[in-house]
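Student: Next input, structure requested:
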Amino acid sequence: MRGFGYALIALGVLGILVGLGMDTSVSGGIGAVNRVVNIGLLSQQTATVTISGFLFMTGCMLIGFATVRDAIERLGGMANAPVNRPAAAFPPDASQWESQPAAEAGKVQVGSRVQHQTFGKGTVQALAGDSAFVIFDGRDGPTSMNVAYLRLVAS
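Tutor: Residues are numbered from 1 along each chain as shown. Okay, here's the model as predicted:
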C-alpha cells in the first residue's frame, strides 16, 4: 500500500507540473501579434491539475494509512484488546453500596431527605463511606458530595 501511495504522489506531482506548463493560448489569427486564451485549453489545464491534485492527496492518504497500520501491528494487535472503561459515577444498582445503620440517630441513610446550602432539598440514593449520592429536587441525575455538607430535614 505504501509503494502504491508513493507512485500516486509521483504521478500527481508530474501531472500538476504538466498541467501548469500547458500553453492555454492560441494565435490571434493571420498576422496577429497577440495570442488569446483558448477556453477549451484552459479547461483542459484545470482538469489536469485537479485530477493530479486528487492523485497526490490519495497517495498521501495511502501512505498515512499504511503508517497507522504498521504502528498498530508494532503494538502487537492492541487495537483488538478490550478497553477498560471507568466505572460509572453512580451505580445503576444502589444496593451494592453500604447503607448507614438506621440505629444511629441523626445519621444520613439511603432514602433520607436532606438539604444542601446551594442545591436545596434532595433524596439520598446511595452512600459510600463519607460520600452520599443525592438527587436534588429540580436537578437531573445524582450529585456526589460529602455528608458533612448535608443537613437532615423532615420528609
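
Student: Same question for the longest strand anywhere in the chain: list its buried residues.
Tutor: Using DSSP state E to define each element, the chain has its longest strand at strand 120-128. Neighbour-count burial for strand 120-128, counted by 16 or more other Cβ atoms under 10 Å, picks out Gly122, Thr123, Val124, Gln125, Ala126, Leu127. C-beta coordinates here come from the backbone N, C-alpha and C atoms, glycine included.

Student: what about the nearest residue to Met22 once chain neighbours are set aside, which helix or strand?
Tutor: The shortest distance from Met22 to any residue that is not its chain neighbour, by Cβ to Cβ, 6 or more residues apart in numbering, is 4.5 Å, and that residue is Gln45. Assigned by DSSP states H and E, Gln45 belongs to helix 39-74.

Student: quick one on the thing from earlier: elements contacting the longest strand of the chain?
Tutor: Helices and strands in packing contact with strand 120-128 are listed as strand 113-116, strand 131-136; criterion 3 or more Cβ pairs under 8 Å, 6 or more residues apart in numbering; DSSP states H and E.

Student: For that strand, which strands pair with it and how are they oriented?
Tutor: strand 113-116 (antiparallel), strand 131-136 (antiparallel) (DSSP bridges).

Student: average pLDDT across the last one?
Tutor: The reference is to strand 131-136. Averaging pLDDT along strand 131-136 gives 88.
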